[in-house]
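K.L.:
Would you be able to build a 3D model of this:
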Amino acid sequence: MTTVNKLVQVAGVIDAAEADMIIGEGADWLGFALRLPSGKDDIPEQDAANIIKGLRAPHAGVLISYLTDAAEISDFCTELGVVAVQLHGDVETGQLRLLKELRPDLFVLKSLVVKEDNAEELLRLVDETHPFVDMYITDTFDPKTGAKGATGLTHDWNVSAELVRRSPKPLMMAGGLNPDNVYDAIVAVKPAAVDAHTGLEGADGRKDRTKVATFVAEARRAFDAIG
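P.N.:
Numbers count the residues shown, from 1 in each chain. Below you'll find the model as predicted:
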């Protein structure tokens, strides 16, 4: 894995052309959301695997997964050829520990989904799980749909900032980030990395080149500003 500082991830890649464009505009990691609870994946698994195999360090493909069983997660990561997995399901601490035992080579990101009033719960989760996690990712809960990611909604950045201060592991910030707010978000929260998905899409549902380029540039500018 590349260094996990000042890192920019773009999630929800839908095909090889989009992946090439995102990398070309300077993003570091590509996120592939697969086997979603809705059954509506952005990309076929084999297409994702082909893109991932073609990436060269420091670029990497990340599986965004709602699976909760360590063995199942490990097997799927092997199939795809990913070096990192972002866990958005309610994975028990015992399964996180088992995943680390099964796959010490795998870079594990664990989601911290911010709701209206669950900051204390998230802080406790960090205390409990950090030995088995390489990075956390904050995201926003949508109370209307129950979605835990790709909601396009921001959350209280004070919660993310508090999690950054509490966590012994680095934190990636996500949740409603776009080219207009990513600079302010990084300055406020001081994360090690940022991720965007719906905030970079055009009306056609594809990532917009200008939005991706601006997002990456604004993120880099903010990371430089916070040192």
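
K.L.:
just the strands in the protein please.
P.N.:
7-11, 29-33, 60-65, 84-87, 107-114, 135-140, 171-173, 193-196 (DSSP state E).

K.L.:
So for the second one, mean pLDDT?
P.N.:
Along strand 29-33, the predicted local confidence has a mean pLDDT of 97.

K.L.:
re the thing from before, mean pLDDT lowest where, among the strands of the chain?
P.N.:
Mean pLDDT is lowest for strand 135-140 among those, at a mean of 90.

K.L.:
would TSV of the strands of the chain with mean neighbour count and distance to Asp204 be doable?
P.N.:
Where you see a C-beta, it was placed from the backbone N, CA and C, and this is true even at glycine. Output for the strands of the chain, formatted as TSV (neighbours: other Cβ atoms under 10 Å; distance: least, Cβ to Cβ, whole Å):
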stretch	mean neighbour count	distance to Asp204
strand 7-11	25	16
strand 29-33	26	18
strand 60-65	24	21
strand 84-87	23	25
strand 107-114	23	28
strand 135-140	25	24
strand 171-173	26	26
strand 193-196	27	17
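
K.L.:
and stretch 83-103, how far from the chain's centre?
P.N.:
A distance of 15 Å separates the centroid of the chain from that of stretch 83-103, by Cα atoms, centre = their mean, to the nearest Å.

K.L.:
Which helix or strand in the protein has the lowest average pLDDT?
P.N.:
One helix or strand of the chain scores below all others by mean pLDDT, DSSP states H and E: strand 135-140, with a mean of 90.

K.L.:
Neighbouring strands - and their directions - for that one?
P.N.:
strand 107-114 (parallel), strand 171-173 (parallel) (DSSP bridges).

K.L.:
Tell me the gap between the last one and the middle of its chain.
P.N.:
Distance, stretch centre to chain centre, for strand 171-173: 8 Å (Cα atoms, centre = their mean).

K.L.:
List the contacts of the lengthiest helix in the chain.
P.N.:
Assignment by DSSP state H gives helix 209-226 as the longest helix of the chain. Helix 209-226 has contacts (Cβ atoms under 8 Å, 6 or more residues apart in numbering) with 5-6, 8, 10, 21-22, 25-27, 177-179, 182-187, 190, 194, 196, 199-202.
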